[in-house]
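Participant: Sharing a model prediction with you, sequence too.
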Amino acid sequence: MSKIKQSPALVLASSSPYRRQLLSQLGLAFQVHHPNIDESTIPGETARELVSRLATQKALAISADVQGGLIIGSDQVAVQGDKIEGKPRDRQDAIRQLSEASGREITLQTGLALLNSTSGRVQVDVISYKVRFRKLTLPQIEAYLDVEAPFGCCGSLRADGLGIALLESLTGDDPSALIGLPLIRLVQMLESEEVRVIPEPDSIKT
């Protein structure tokens with residue numbers, strides 16, 4: 001149940017339950033639309049370019065269905081060296097991702113876009129967050145996958161659940177970026193569109 005009423009309407013362009021849960025923390029009323037886009041990587045595209053493009057495309061994909069609203073798009077990948085990892089294809093792919101991440105640091109790159117469907121203005125940013133994995137054994141990985149089944153999570157890491165036990169350290173400015181929707185930056189974007197997440201009290205009239 002939202003606590004704050006605001007205008008214009010706010011729409012989350014995502015099928016992710018984790019992003020929906022994060023956005024609900026702000027107490028704003030919002031709708032959810034599922035964008036249908038091709039998320040393939042363009043040859044030569046960097047991780048930051050990829051998530052920036054896909055976040056924007058997700059917002060644009062549903063703009064025709066949203067009249068006078070603000071649309072949030074987001075996308076995330078994990079980067080280890082020059083390798084870009086998205087969601088695992090299946091269990092075996094999740095085992096591979098976590099085995100390769102064992103004892104290493106990866107960077108989560110999260111693209112965030114806010115589209116004003118009336119003015120056409122798009123704000124886009126990419127937020128980085130680093131995680132270092134503990135040394136993991138195959139039995140540990142298997143047990144984690146049995147409990148969490150994180151096949152809809154970038155890099156097979158469900159950090160808001162048992163996945164936090166896989167990690168040794170976290171480095172970044174916005175912990176919500178770890179889950180896939182950078183709320184600190186989103187609040188700033190919303191405020192630039194005159195949406196106040198925490199409304200200011202009315203001025204005292206004399």
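Facilitator: All right, it came through fine.

Participant: Helices of this protein, start to end?
Facilitator: All helices of the chain, identified by DSSP state H, fall at 17-24, 47-61, 91-101, 138-148, 176-179, 183-192.

Participant: Once you drop chain neighbours, what's closest to the residue most central in space within the chain?
Facilitator: The centre of the chain sits closest to G180, judged by C-alpha atoms, centre = their mean, with a distance of 2.2 Å. Among residues not flanking G180 along the chain, Q76 sits closest, at 4.9 Å (C-beta to C-beta, 6 or more residues apart in numbering). Backbone N, C-alpha and C define where each C-beta goes, glycine included.

Participant: In this structure, where is pLDDT below threshold?
Facilitator: 1-7, 202-206 (pLDDT under 70).

Participant: picking up where we left off before, can you put the helices of the chain in a markdown table and add mean neighbour count and distance to L114?
Facilitator: Converted to a markdown table, these look like this (neighbours: other C-beta atoms under 10 Å; distance: least, C-beta to C-beta, whole Å):
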| stretch | mean neighbour count | distance to L114 |
| --- | --- | --- |
| helix 17-24 | 17 | 12 |
| helix 47-61 | 22 | 7 |
| helix 91-101 | 18 | 30 |
| helix 138-148 | 15 | 30 |
| helix 176-179 | 23 | 15 |
| helix 183-192 | 17 | 4 |
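
Participant: To D125, which of those helices lies closest?
Facilitator: Among those, the nearest to D125 by C-beta to C-beta is helix 183-192 (5.5 Å).

Participant: Over to the closest residue to L26 other than its chain neighbours: give its phi and psi.
Facilitator: In this structure, L26 finds its nearest non-sequential neighbour in V197, 5.2 Å apart by C-beta to C-beta, 6+ apart. Here is the backbone geometry of V197 (degrees, to the nearest 10): phi -70, psi -40.

Participant: Surely V197 touches Q188?
Facilitator: No. In this structure, V197 is not within contact of Q188 by C-beta atoms under 8 Å, at 9.8 Å.

Participant: Tell me where this structure has strands.
Facilitator: For the chain, the strands defined by DSSP state E cover 9-13, 31-33, 69-80, 83-85, 105-116, 122-133, 167-171.

Participant: so which of those strands gets nearest L98?
Facilitator: Taking C-beta to C-beta, strand 122-133 is the member of the strands of the chain nearest to L98, at 7.6 Å.

Participant: any idea of the angle the closest one forms with strand 167-171?
Facilitator: 140 degrees (axes from the mean of the first three to the mean of the last three C-alpha atoms, to 10 degrees).

Participant: Strand 122-133 pairs with which strands, parallel or anti?
Facilitator: Next to strand 122-133 in the sheet, as set by DSSP bridges, lie strand 105-116 (antiparallel), strand 167-171 (antiparallel).

Participant: chain center to it, what's the gap?
Facilitator: Mean-position distance between strand 122-133 and its chain equals 9 Å (C-alpha atoms, centre = their mean, to the nearest Å).

Participant: Counting neighbours, what do you get for the residue lying closest to K58 once chain neighbours are set aside?
Facilitator: Using C-beta to C-beta, 6+ apart and skipping the chain neighbours, the partner closest in space to K58 is G73 (3.5 Å). Residues within reach of G73, counting by other C-beta atoms under 10 Å, total 29.
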